[in-house]
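**Q** Attaching a predicted model along with its sequence, questions to come.
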Amino acid sequence: MSVAGNPLEQRPMTGRQWVIVAIMVSLLALDGFDVLSISFASPGIAADWGIDRAALGFILSMELVGMAFGSILFGRIADRIGRRATILACLAVMAGGMFGASSATGPTVLSGWRVFTGLGLGGMLAATNAATAEIANARYRAFCVVLMAGGYPLGNIVGGSVSAWLLTEFSWHAIFIFGGAIALLFIPIVWFMVPESISFLASRGGAETLGRVNRVLHRLGQPAVDNIAAAPQAKASMGALLSSEYWRRTILLTVAYFAHFMTFYFILKWIPKIVADMGFEPSMAAGVLVSASVGGALGCGVIGLLSLRLRVGWLTIGTMLLSAVAVFIFGRSNSHLQTLSMIAAAAGFFTNAGVVGLYAIVAQSFPTRLRATATGFVIGFGRGGSALAPFLAGVLFAAGFALGTVALLMALGSLLAAAALLFSGRLSGGAEV
């Protein structure tokens, strides 16, 4: 059989392909826990070191700064050396950063380790987004990418539950030790279970391409091909993303990420501290964040199922608008724990749904040769919003602004993101492979 490009494109998904998608979901769950580990630990850090909200907001932003650089750096690497090798490298970086954070003795050292951890976290997002899009067939691509991104709140849920227990038995350092250990455990899983992307192999060309593609097809339970017709493609570059063909979608999708992530990370990063400052124990505050993550997981599942029938672009715009409303209401909520948990769950539902919708849109908006680079670029520069959110909120709190005012200002990010997505032209759901 002869094919052009990726032979998986029109074939039914096998069980092995779904297993690999599940591994990608798990990797994003680890990513989600590692990002929020600092949030779970923040009440203990503030108490141990006697730092105020502004200083804590700075620390909360540090891995997000690293994620911005990591997304761009490892996104380009993934388009040059492959998705599998990049994922393995990111796991090693994440493990080292988490173990380093557990040994930190002050804000400066901790901030440095969180930046380092963020490099791996950002790279993991770019590489797994591309790997998931390319292991799926055309029919299930958007669904699989949304499913993958749903691992993020899943990691928040499991990690938050584990963290709540760890905080009752140990100090905040144990949270980082746990995250580092899990990252190490994933290295052999990826090494033995995840092959290189066929789309990536086919795009490289060369005499050995057909043999490599067929070996991967055999591992996936798919029949071999006797020819791969891959047209020569230019190497991925930042310049290509800003060419006449791609510049509009690149810039507007980046703006959408930047703005929506400001809203998203305000909720994720500040819930534990806000709830703790209302007089609740840190373990209870972590429980409210778990509620937000449960809502987020449900949001991912709902938008994933709807994406099989509806256009993911319009779904994402709708969830962003509702995200702004939910975050605004959270800022007006009272200090009853049950009420806070319910509103946090609603905010998590819509903010997470908007995020995973963006992942699917980016995966469909660029061809194989640019997919990881584009994901890294859009997420990397978009991460400026996630890095700015905790710091800006901390400055506003320190300046005396009430929670309701801060929440209103941070909710505007989702509104701006919806507008950018509307004008980006990426609403039809068509995929480039």
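**A** On my side now, so go ahead.

**Q** And what about the nearest residue to residue 344 once chain neighbours are set aside, helix, strand or coil?
**A** Closest residue in space to residue 344, ignoring its immediate chain neighbours: residue 292 at 4.0 Å, by Cβ to Cβ, 6 or more residues apart in numbering. (Each C-beta comes from the backbone N, C-alpha and C, glycine too.) Taken by DSSP: H, G, I helix; E, B strand; the rest coil, the conformation at residue 292 corresponds to helix.

**Q** Looking at residue 292 now. What's its pLDDT?
**A** With respect to pLDDT, residue 292 scores 85.

**Q** what comes up buried for stretch 56-66?
**A** Buried positions in stretch 56-66, judged by neighbour count with 16 or more other Cβ atoms under 10 Å: 56-66.

**Q** how deep is the residue nearest to residue 344 tucked in, by neighbour count?
**A** By the measure other Cβ atoms under 10 Å, the count of residues near residue 292 is 30.

**Q** same check, this time on the one 10 residues further on
**A** Around residue 302 sit 16 other residues, with neighbours defined as other Cβ under 10 Å.

**Q** so residue 210 sits right up against residue 216, yeah?
**A** No. Using Cβ atoms under 8 Å, residue 210 makes no contact with residue 216, being 11.0 Å away.

**Q** thinking again about what came up before, for the residue nearest to residue 344, give me its contacts.
**A** Residue 292 makes contacts with 156, 267-268, 271, 344-345, 347-348, as judged by Cβ atoms under 8 Å, 6 or more residues apart in numbering.

**Q** How about residue 411?
**A** Shown in contact with residue 411 (Cβ under 8 Å, 6+ apart): 263, 323-325, 327-328, 331.

**Q** ok, now residue 119?
**A** Contacts of residue 119 by Cβ under 8 Å, 6+ apart are 66-67, 69-70, 73-74, 90, 93, 97.

**Q** Please, which helix or strand holds it?
**A** Assigned by DSSP states H and E, residue 119 belongs to helix 107-135.

**Q** what do you get for residue 228?
**A** Element membership of residue 228, judged by DSSP H and E, is strand 227-229.

**Q** Show the pLDDT at residue 367.
**A** Looking at residue 367, its pLDDT reads 73.

**Q** That should have said residue 89, apologies.
**A** Looking at residue 89, the pLDDT reads 96.

**Q** ok, it - contacts?
**A** 74, 77, 120, 123.

**Q** Repeat that for residue 115.
**A** Counting by Cβ under 8 Å, 6+ apart, residue 115 has contacts 62-63, 65-66.

**Q** if we can go back for a sec, just the ones in helices from the buried residues of stretch 56-66, please.
**A** 56-66 (DSSP state H).

**Q** Can you add distance to residue 128 and pLDDT and give the residues you listed back as a markdown table?
**A** Shown next, in a markdown table, are those (distance: Cβ to Cβ, whole Å; pLDDT from 0 to 100):
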| residue | distance to residue 128 | pLDDT |
| --- | --- | --- |
| 56 | 30 | 82 |
| 57 | 28 | 77 |
| 58 | 28 | 82 |
| 59 | 26 | 85 |
| 60 | 24 | 79 |
| 61 | 23 | 78 |
| 62 | 22 | 85 |
| 63 | 17 | 83 |
| 64 | 18 | 77 |
| 65 | 20 | 82 |
| 66 | 17 | 88 |
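
**Q** out of these, who's nearest residue 318?
**A** Proximity to residue 318 was ranked across these by Cβ to Cβ; first place goes to residue 64, at 26.1 Å.

**Q** Burial check on residue 390, number of neighbours?
**A** Neighbours of residue 390 under the rule other Cβ under 10 Å: 27.

**Q** what's around the residue nearest to residue 210 when sequence neighbours are not counted, how many residues?
**A** Leaving aside its chain neighbours, residue 210 sits nearest to residue 228 (5.4 Å; criterion: Cβ to Cβ, 6+ apart). Neighbourhood size, residue 228 [other Cβ under 10 Å]: 20.

**Q** What distance do you get for residue 228 to residue 219?
**A** 16 Å (Cβ to Cβ, to the nearest Å).

**Q** So for the contacts of residue 411, which is the shakiest by pLDDT?
**A** Scoring these by pLDDT puts residue 331 last, at 83.

**Q** Now it. Nearest residue, chain neighbours left out?
**A** Excluding the flanking residues, the one nearest residue 331 by Cβ to Cβ, 6+ apart is residue 407, at 2.4 Å.

**Q** buried stuff in the host helix or strand of the one you found?
**A** Using DSSP H and E, residue 407 sits in helix 403-424. By 16+ other Cβ under 10 Å, the buried positions in helix 403-424 come out as 403, 406-411, 413-422, 424.

**Q** Show me the strands in the chain, by range?
**A** 2-4, 227-229 (DSSP state E).

**Q** where's the nearest residue to residue 136 once chain neighbours are set aside relative to residue 74, distance?
**A** Excluding the flanking residues, the one nearest residue 136 by Cβ to Cβ, 6+ apart is residue 144, at 4.0 Å. According to Cβ to Cβ, residue 144 and residue 74 sit 21 Å apart.

**Q** pLDDT averaged over the helix holding residue 407, what's the number?
**A** In this model, helix 403-424 has a mean pLDDT of 89.

**Q** Extract the CA atoms of it and return them as CSV.
**A** Presented in CSV, the C-alpha positions along helix 403-424 are these (Å, rounded to 0.1, in the frame of the first residue of the first chain):
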residue,chain,number,x,y,z
LEU,A,403,-11.1,40.5,46.1
GLY,A,404,-14.2,41.5,44.0
THR,A,405,-12.3,44.3,42.2
VAL,A,406,-9.3,42.1,41.5
ALA,A,407,-11.5,39.2,40.2
LEU,A,408,-13.3,41.6,37.9
LEU,A,409,-10.1,42.9,36.4
MET,A,410,-8.7,39.4,36.0
ALA,A,411,-11.9,38.1,34.4
LEU,A,412,-11.5,40.6,31.5
GLY,A,413,-8.7,38.4,30.1
SER,A,414,-11.2,35.8,29.0
LEU,A,415,-13.3,38.4,27.2
LEU,A,416,-10.3,39.7,25.3
ALA,A,417,-9.3,36.1,24.4
ALA,A,418,-12.8,35.5,23.0
ALA,A,419,-12.5,38.6,20.8
ALA,A,420,-9.0,37.6,19.5
LEU,A,421,-10.2,34.1,18.7
LEU,A,422,-13.2,35.5,16.9
PHE,A,423,-11.0,37.6,14.6
SER,A,424,-8.3,34.8,14.1
